[in-house]
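Asker: test case, fold it:
(chains A and B, ligands or ions: 6)
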Amino acid sequence: MSEDILAPVLEVDNLHKWFDVSKPPLQRLIERLPRQTLKAVDGVSFRIERGTTFALVGESGCGKSTVAQAVAGLHKPTRGAILFEGIDRDLPRPDGSRPELQMIFQDPFASLNPRWRVRDIIAEPLRVHRLTRSRAETRAAVAELLEQVRLSPADGEKYPHEFSGGQRQRISIARALANKPKFLVCDEPTSALDVSVQAQILNLMKRLQRELGLTYLLISHNLAVIYHMADELGVMYLGRLVETGPAREIFNRPRHPYTQLLLDTIPDISLDRPHRTFLKGEVPSPIAPPPGCTFHPRCPHANDRCRTEPPRLESFGGVKVACHAVGEGRIVPAVREWRPAARRTPVRRVSPVARPA
Amino acid sequence: MQRDQQPRSDAAAPPILEVRNLVVAFHGLAGTLRALDDVSFSIAPGEILGVVGESGAGKSLTGAAVIGLLERPGRIDGGEILLAGRRIDNLPHAQMRKVRGREIGAIFQDPLTSLNPLLTVGEQLTETIATHLALSAKAARARAVELLAEVGIPAPANRIDDYPHHFSGGMRQRVVIALALCANPKLVIADEPTTALDVSVQAQILELIRRLGREHGTAVMLITHDMGVIAETADRVAVMYAGRVAEIGPTREIIETPHHPYTVGLMGSVPVIGEDAEDLVQIDGSMPRLNAIPPGCAFNPRCGEVMGRCLSQRPGLMPAGRSQAACWLMDTVTGDAA
Ligand SMILES: Nc1ncnc2c1ncn2[C@@H]1O[C@H](COP(=O)(O)OP(=O)(O)OP(=O)(O)O)[C@@H](O)[C@H]1O
Ligand SMILES: Nc1ncnc2c1ncn2[C@@H]1O[C@H](COP(=O)(O)OP(=O)(O)O)[C@@H](O)[C@H]1O
Ligand code: SF4
Ligand code: SF4
Ligand SMILES: [Mg+2]
Ligand SMILES: [Mg+2]
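Answerer: Numbering: from 1, shown residues only, chains lettered A, B, ... in the order given. Ligands and ions are numbered 1, 2, ... in the order given. All right, here's what the predicted structure looks like:
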């Protein structure tokens, strides 16, 4: 596949990330405790095509950030491979280049050095990778990056604390764009921001994708954000993908019981949402996950097979689902008709912010 | 989590909470900053009022002023707060402490800060119950078990002697709600009660909050920046901007037919499942800081419909459809003077 020019930008193959969460050896000895392993990611595979957005969704602790960090190279997988343009992301490339990949984090406050001017923060990757040859060239590149995220070159003289949350997230994006990456890993990029600021950042991300052909791995717990941004979607539960495929298909015809309940449970401003059933209970401890299908204690369709035999991902009309009931034809895709609230613009005069056609 | 077809609140009854022209300011060396400026609203028995707005808009301060927990150098500089018709903004501290807990319950974002890690859940509940109600130790404990059952803690009699760290985040937040409900308060102030929780737990907590109004007639002030939560929980919504109420009205009207240009932009900026727009509506710029609020309408630097008078005259709340909006566009009396 790697010789194919249409190879996906990213291919994650059977990724495992296990953490040793055992008590200290002495305490283990005294209290006769076993070693404990937390399987944060336990066999996840997906691929992302160039210029598209793949989103991961799931409840807290299901392993989304751990996948993102492995893709960004922030930790080594326990098992499995991460191929970037067909080549293992950790192996040296024939031409000596490195994966052109950057990460944007949830907290724009923590990820910027408070003592540096914005222009130096943005210029750092340019200097480290020797992408510019003179001061003037660096200055011009920084100015262009600032304009790309709709800040002004004069903002480069200021310090991070002089900016609002949304502006700081723009600065992180400008820095991430400095060495012209093809791929951005975005872990909850707007979760710390107000909705109006979130809209500015999401619009910016979409525009950059159109203009620069960027590919995104996007993590969000906000399903509406994912609906707006994602081409492909992976739904995670306790370290595994339970359903993955084209985002629209999953939103309109969720097959996995967890996906169905998650879509029903998420609050949304659409006011007409009849026949909803809510996800009950809480996510079990990932240190001692339930046997069989790990979702079975919360699943309304669980039977004896579910309680003993873990389901594998199988294809059903373009999506992959890991569920015995779906495989056995015990349950059919739920059809969801999303009826967004009729959002009318104001009664008088022209709208101050015209909705794009 | 189905929304009730009929509004469960009794809008005709006298309000539980009435806030009139509230002004809160911080007095510092650099001068005085008005953080809340002429804020007015009321909440009827059994009604859930959602309060939304960007961070820094004054949502939490409004809640803090009502429960009498403004932190220095912040203080109330004007206006009145009435609980069931009685003024509470000028009560002495000792009296206000009684009101808080007995008549007003509070739920905050982080359940850990509201719980004492050194006391069992039962000890905290019985202590609070004993402070507010004249009950024997045994009766207080029975009431505590009852409250835990009411907020959906399974096997409450077995869990009551556990410490908070034995509970999951969602269960801790339920304990905080149980604490807030100890004395059957008339009013509950919930400031971002589900922001730190998973969707499944969030749905359960919101159902609990809705039941308060339905079953106990409690008035609820629900502060959040999650429009989905508002859509599914609140009867009415107050939209705050730069320490002022920009618009207030029934939830459906605020979402579907916003009137104030800020609310219009805010609603358009929310992504919605099922809506296929390439771009979201974007309000350019950001909310002004407290020391840089422009004269006239606070939204005027970002407003696409700004008129001459917006720059100098501050609009008050005016009728706008079934809502009220603080915007000169709604002024049908004097017309546009620009
Ligand atoms: N360094 C680590 N050591 C031990 N356990 C870890 C470590 N990092 C993550 N985990 C555990 O792995 C699991 C997955 O964590 P991860 O951060 O990927 O979740 P997430 O899906 O991103 O959740 P959230 O929505 O809360 O961000 C969790 O149970 C977490 O506690
Ligand atoms: N101790 C303080 N000193 C000065 N300003 C403060 C203080 N506490 C809050 N503020 C200001 O009051 C405004 C409203 O704050 P808050 O009610 O917490 O906003 P919200 O809850 O809507 O995010 C903000 O501009 C905030 O910076
Ligand atoms: S495999 Fe069984 S328990 Fe798991 S989701 Fe499917 S029906 Fe439910
Ligand atoms: S009062 Fe004027 S500036 Fe303010 S929102 Fe209305 S039109 Fe815009
Ligand atoms: Mg995470
Ligand atoms: Mg707040």
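
Asker: quick one: low-confidence parts of the stretch 151-300 of chain A?
Answerer: Applying pLDDT under 70 to the stretch 151-300 of chain A flags residues A:271-272, A:274.

Asker: from it, which residue is nearest to ligand 1?
Answerer: A:Pro286 (4.3 Å; CB to the nearest ligand atom). The C-beta positions use only the backbone N, C-alpha and C, and glycine is treated the same way.

Asker: quick one: the strands in the stretch 101-250 of chain B?
Answerer: Secondary structure of the stretch 101-250 of chain B, counting by DSSP state E, counting those that start in this stretch: strands at B:104-107, B:187-191, B:219-223, B:236-241, B:244-250.

Asker: and the longest helix for chain B?
Answerer: helix B:199-216 (DSSP state H).

Asker: would you mark the buried spots in that one?
Answerer: For helix B:199-216, a neighbour-count test (16 or more other CB atoms under 10 Å in any protein chain shown) marks B:199-206, B:208-210, B:212-213, B:216 as buried.

Asker: returning to that earlier point: would you confirm that the residue of the stretch 151-300 of chain A closest to ligand 1 contacts A:Thr37?
Answerer: No - in this structure A:Pro286 lies outside contact range of A:Thr37 using CB atoms under 8 Å: 9.8 Å.

Asker: ok, those two, which is more surrounded?
Answerer: Taking other CB atoms under 10 Å in any protein chain shown, A:Pro286 and A:Thr37 do not tie; A:Pro286 has more neighbours (19 against 14).

Asker: quick one: contacts for the more buried one?
Answerer: A:Pro286 makes contact with A:Leu38, A:Lys39, A:Ala40, A:Gly61, A:Leu238, A:Gly239, according to CB atoms under 8 Å, 6 or more residues apart in numbering or on different chains.

Asker: SS state for the third one?
Answerer: Recorded secondary structure, A:Ala40: strand (DSSP: H, G, I helix; E, B strand; the rest coil).

Asker: so who does it touch?
Answerer: Applying CB under 8 Å, 6+ apart, the residues near A:Ala40 are A:Lys17, A:Trp18, A:Phe19, A:Gly63, A:Thr66, A:Gly239, A:Pro286.

Asker: mind telling me what element the closest residue to it other than its chain neighbours is part of?
Answerer: Among residues not flanking A:Ala40 along the chain, A:Thr66 sits closest, at 4.3 Å (CB to CB, 6 or more residues apart in numbering or on different chains). Using DSSP states H and E, A:Thr66 falls within helix A:64-71.

Asker: what is the burial count for the residue nearest to A:Ala40?
Answerer: Number of residues near A:Thr66 (other CB under 10 Å) recorded here: 24.

Asker: also B:Pro117?
Answerer: For B:Pro117, the count of nearby residues is 8 (other CB under 10 Å).

Asker: and the closest residue to it other than its chain neighbours, how many neighbours?
Answerer: The shortest distance from B:Pro117 to any residue other than its chain neighbours is 5.7 Å, reached at B:Pro164 (CB to CB, 6+ apart). B:Pro164: 20 surrounding residues under other CB under 10 Å.

Asker: so what's B:Pro164 up against?
Answerer: Applying CB under 8 Å, 6+ apart to B:Pro164 gives the contacts B:Pro111, B:Leu112, B:Leu115, B:Asn116, B:Pro117, B:Val121, B:Arg172, B:Val175.

Asker: and if we set it to 6 Å?
Answerer: B:Leu115, B:Pro117, B:Arg172 (CB atoms under 6 Å, 6 or more residues apart in numbering or on different chains).

Asker: same question, B:Arg174
Answerer: B:Val151, B:Ile153.

Asker: tell me the domain ranges of chain A?
Answerer: Under the assignment automatic domain parsing, the domains of chain A span A:49-78+A:182-357, A:107-181.

Asker: about what we covered before: isn't the residue nearest to A:Ala40 up against A:Val41?
Answerer: Yes - the criterion here is CB atoms under 6 Å, and A:Thr66 meets it with A:Val41 at 5.0 Å.

Asker: how about the longest helix of chain B as PDB, C-alpha atoms only?
Answerer: Extracted in PDB, the C-alpha atoms of helix B:199-216 (Å, rounded to 0.1, in the frame of the first residue of the first chain):
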ATOM      1  CA  VAL B 199     -22.800  13.000  28.800                       C
ATOM      2  CA  SER B 200     -24.500  10.000  30.400                       C
ATOM      3  CA  VAL B 201     -24.000  11.500  33.900                       C
ATOM      4  CA  GLN B 202     -24.900  14.900  32.600                       C
ATOM      5  CA  ALA B 203     -28.200  13.700  31.400                       C
ATOM      6  CA  GLN B 204     -29.000  12.100  34.800                       C
ATOM      7  CA  ILE B 205     -28.000  15.300  36.700                       C
ATOM      8  CA  LEU B 206     -30.100  17.500  34.400                       C
ATOM      9  CA  GLU B 207     -33.100  15.100  34.900                       C
ATOM     10  CA  LEU B 208     -32.600  15.600  38.600                       C
ATOM     11  CA  ILE B 209     -32.600  19.300  38.300                       C
ATOM     12  CA  ARG B 210     -35.800  19.300  36.200                       C
ATOM     13  CA  ARG B 211     -37.400  17.100  38.800                       C
ATOM     14  CA  LEU B 212     -36.700  19.800  41.500                       C
ATOM     15  CA  GLY B 213     -39.000  22.200  39.700                       C
ATOM     16  CA  ARG B 214     -41.600  19.600  38.800                       C
ATOM     17  CA  GLU B 215     -41.900  17.900  42.100                       C
ATOM     18  CA  HIS B 216     -40.900  20.400  44.700                       C
END
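
Asker: which bits of the stretch 151-300 of chain B sit near ligand 4?
Answerer: By CB under 6 Å from any ligand atom, the residues of the stretch 151-300 of chain B that approach ligand 4 are B:His260, B:Pro261, B:Cys297, B:Phe299, B:Asn300.

Asker: go ahead and name everything in contact with the longest helix of chain B.
Answerer: With contact meaning CB under 6 Å, 6+ apart, helix B:199-216 is reached by A:265-266, A:278-279, B:1, B:8, B:46, B:48, B:151, B:170, B:173, B:194, B:218, B:220, B:233.
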